[in-house]
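Visitor: Quick one, fold the following:
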Amino acid sequence: MPTKTTYSQAARVQGILRTLGVRHGITIGELAEEFNVTKRTLYRDLKALEYAGYPLLSEIVEGTTYWKLEPSFKGVPPVTFTLNELMAF
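Guide: Numbers count the residues shown, from 1 in each chain. The predicted structure is shown next:
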């Protein structure tokens, strides 16, 4: 049986940003499965991203909420962090 990858919070947040940048929308459940955390953890991560200034949007389609980055933000170059900066986060 394959093991699931465990992410640090900093690595998970960067992964969430990458995922939101390439997908047209993703549900909390899909993110929870991809990053092997609870939905509650992802809501906290998304709230932290919004607080940091990332333009997140939620859209309800047929009763399901999808999260994505503001389309105009997708062309912005990625922010990279040093190991020390990631550890401080």
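Visitor: What are the boundaries of the strands in the chain?
Guide: Applying DSSP state E to the chain gives strands spanning 56-61, 64-69.
Visitor: mind putting the ones you listed in JSON lines, distance to residue 42 and mean pLDDT included?
Guide: C-beta here means a position set from N, CA and C on the backbone, and glycine is covered the same way. Formatted as JSON lines, those follow (distance: least, CB to CB, whole Å; pLDDT from 0 to 100):
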{"stretch": "strand 56-61", "distance to residue 42": "12", "mean pLDDT": "92"}
{"stretch": "strand 64-69", "distance to residue 42": "9", "mean pLDDT": "93"}
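Visitor: among those strands, which is the most enclosed?
Guide: strand 64-69 (a mean of 17; mean count of other CB atoms under 10 Å).
Visitor: Tell me where the model's unsure across the protein.
Guide: 1-7, 74-79, 86, 89 (pLDDT under 70).
Visitor: ok, now with 50
Guide: For the chain, the stretches flagged by pLDDT under 50 are 1.
Visitor: residue nearest the centroid of it?
Guide: residue 16 (2.3 Å; CA atoms, centre = their mean).
Visitor: Show the contacting residues for it.
Guide: 31, 35, 42, 45-46, 49 (CB atoms under 8 Å, 6 or more residues apart in numbering).
Visitor: possible to save the strands of the chain as a markdown table with distance to residue 23?
Guide: Output for the strands of the chain, formatted as a markdown table (distance: least, CB to CB, whole Å):
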| stretch | distance to residue 23 |
| --- | --- |
| strand 56-61 | 12 |
| strand 64-69 | 7 |
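Visitor: Could you work out which of these reaches nearest to residue 24?
Guide: strand 64-69 (6.4 Å; CB to CB).
Visitor: Quick one: list the elements packing against that closest one.
Guide: Under the contact definition 3 or more CB pairs under 8 Å, 6 or more residues apart in numbering; DSSP states H and E, strand 64-69 sits against helix 9-22, helix 28-35, strand 56-61.
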